[in-house]
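**Q** When you get a sec, could you give me coordinates for this:
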Amino acid sequence: MRSSSIFTAAACLVLPIAGSAQSNAKKSAAIDWRAFDKYVEQAAHDWHVPALAIAVVKDDSLVFAKGYGVIEIGKPARADEHTRFAIGSTTKAMTSVALGMLVDEGKLHWDDRVIDHLPEFRMYDPYVTRELTVRDLLTHRTGLPGTDLFWVGPWKYSLTDMIQRLRYVKPESSFRSEWDYQNVMYAIGGTLIERISGMPWETFVRTRIFTPLGMNETEPLVSLIEGKPNVAVPHAERNDTVRVVPIRSTDAIAPAGSVWSSVSDMSKWMRFILDSGRVGSQRLLKPETFRELIAPQIRAPMEEYPALRLAKPNFFSYGLGWFIQDYRGQAVWMHTGSIDGMCALIGLMPDKRMGVYVLENLDHAEIRHGLMYSAFDLYDGGASRDWSKDLHELFASLRPARPQMAGGARPETHPSLPLEKYVGTYVDSTYGSIQITMSNGALQVQAGELTGQRLEPVEYEMFRTQPSAGGRAPLSLTFVPDGAGNVMAVRLFGVTFPKVRAGGRR
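**A** This is a model prediction of the structure:
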């Protein structure tokens, strides 16, 4: 895979710190950036990433920025450091900074109760409704399971609808006891910004963050990226082949992950964070407010991030839009971002005042972690391991094996019940209803944008929709037999929809 654009060394000097520029330039010059460039190019090739862009900052400088590959497979346009990708959940730290600005103005406090600013807010447990704070919204400790089915499911609820339906979501753990990733809570954080400031979230972050930082290649909403130049196209592996997939809009939960940007612009964001919320001599966040953002608030589960098996941190926590861990005795502020066909990663070493940002247009291309640690190693005596190779082997070992028959054929499996047994209406009080009908000897699903789609049997009680013309991946539905020859429920995205029996009972 050939790369495009040039990389910069000790260039783009901004955010100056007195007395440091000369020594930092020497340190950066001592690093073999050409070897790093070749390593990144090879890693992108080995992980089959169509386009990848990476930026490294040190102190007041952008020391490396480059794009690799093509923005759409099969087309000639090359990626560079100005190519825009979805940054996914690395948006969350921007929402936290925006809320911090309101804290600085005395209009909000981290431990304000959400209901005092958003009276219509309700949770399943009245105690949680009364006590849940802004800090709780940002630390994934509400006790709720993930509720992404609100916006990725077939019904496409608005945020207003989501807030109304949250009261029906049963908690999975007790309040503030466990970490469970929650995009909708960050979206509610954006609603607080609008209620308090009078500006929609997207206007606030553009006016108060992007403009002062000079982030002119950054858009706060997916809808605003349409028609813009130099935009990466999302891809995913389908049957071991990398294919184009449609852009997934996250605008319904924009404050949780809708920003699109380039590594050139995100290098400005990294330098802003490394300088504790300052742009040059201008401070956008008070020091005490900034410290709250990166203070550990709750233990995060290492097992959900397999790359940590190789990095072996002593701790892994979550702050306000940041994971906080250690690597080789150094504190690290990190966050991933993933959305259909795109992924991102930001990693900062505050004590070394360096950071790395990676953008890719391939779904969950986990070389992003390897490139972060490889960049960290450059400032710790040079490369110590082949992160690309080791991570590739790790993730290959975690991939479930496909059942095979003699000769390599996949075994035939069939539904355990006659198809008419799956017909019926399945209802969940939070998300709505799914109706399964029969037409021309095949099952069909009737639910929002899935209405009329045929269901194909996959294995036993698992069925899937047909791939859409636009390349959207099929959705899987798994039915739940009752052990007596009938079906009692269907599962979609991990949510169980009980079947409505005769007379309207479930």
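**Q** shaky segments in the stretch 351-500 of the chain?
**A** In the prediction, the stretch 351-500 of the chain carries residues with pLDDT under 70 at positions 382-383, 401-413, 468-472.
**Q** in it, which spans are helices?
**A** 367-378, 387-398 (DSSP state H, counting those that start in this stretch).
**Q** can you tell which of those helices is closest to Phe290?
**A** Phe290 lies closest to helix 367-378 among the helices of the stretch 351-500 of the chain, at 22.0 Å (CB to CB). Backbone N, C-alpha and C define where each C-beta goes, glycine included.
**Q** ok and the closest one relative to helix 387-398, angle-wise?
**A** 140 degrees (axes from the mean of the first three to the mean of the last three CA atoms, to 10 degrees).
**Q** tell me the mean pLDDT over the strand or helix carrying Val332?
**A** Per DSSP states H and E, Val332 falls inside strand 330-339. The pLDDT scores in strand 330-339 average 97.
**Q** Give the buried residues for it.
**A** The neighbour-count check on strand 330-339 (16 or more other CB atoms under 10 Å) flags 331-339 as buried.
**Q** follow-up on the earlier one: now render the helices of the stretch 351-500 of the chain as CSV, adding mean neighbour count and distance to Val487.
**A** Below are the helices of the stretch 351-500 of the chain laid out as CSV (neighbours: other CB atoms under 10 Å; distance: least, CB to CB, whole Å):
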stretch, mean neighbour count, distance to Val487
helix 367-378, 25, 41
helix 387-398, 15, 32
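**Q** Let's have these in CSV, adding distance to Ala307.
**A** What follows is the helices of the stretch 351-500 of the chain, written out as CSV (distance: least, CB to CB, whole Å):
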stretch, distance to Ala307
helix 367-378, 4
helix 387-398, 6
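**Q** so what's the residue nearest to Gln182 when sequence neighbours are not counted up against?
**A** Closest residue to Gln182 apart from its sequence neighbours, by CB to CB, 6 or more residues apart in numbering: His140 at 5.1 Å. With contacts defined as CB atoms under 8 Å, 6 or more residues apart in numbering, His140 is in contact with 179-182, 185, 298, 318.
**Q** Do you have the strands of the stretch 401-506 of the chain handy? List them.
**A** Under the criterion DSSP state E, counting those that start in this stretch, the stretch 401-506 of the chain contains strands at 424-428, 432-439, 442-446, 453-459, 462-465, 476-481, 487-492, 495-498.
**Q** Out of those, which gets nearest to Trp155?
**A** Once the strands of the stretch 401-506 of the chain are compared by CB to CB, strand 432-439 is nearest, at 5.5 Å.
**Q** Let me know the closest of the buried residues of strand 330-339 to Tyr157.
**A** Using CB to CB, Ile339 is the member of the buried residues of strand 330-339 that lies nearest Tyr157, at 17.7 Å.
**Q** Would you list the phi and psi of the residue nearest to Gln182?
**A** Main-chain torsions, His140, degrees, to the nearest 10: phi 60, psi 40.
**Q** So Trp387 sits against Ala375, correct?
**A** No - judged on CB atoms under 8 Å, Trp387 makes no contact with Ala375 at a distance of 9.7 Å.
**Q** Which neighbours do the two have in common?
**A** Listed contacts common to Trp387 and Ala375 are nil; contacts here mean CB under 8 Å, 6+ apart.
**Q** Report how many residues lie close to Trp33.
**A** Trp33: 18 surrounding residues under other CB atoms under 10 Å.
**Q** how close does it get to Ala44?
**A** 16 Å (CB to CB, to the nearest Å).
**Q** for the record, mean pLDDT for the helix or strand harbouring Leu52?
**A** Using DSSP H and E, Leu52 sits within strand 51-58. With pLDDT averaged residue by residue, strand 51-58 scores 98.
**Q** Nothing else from me, thank you.
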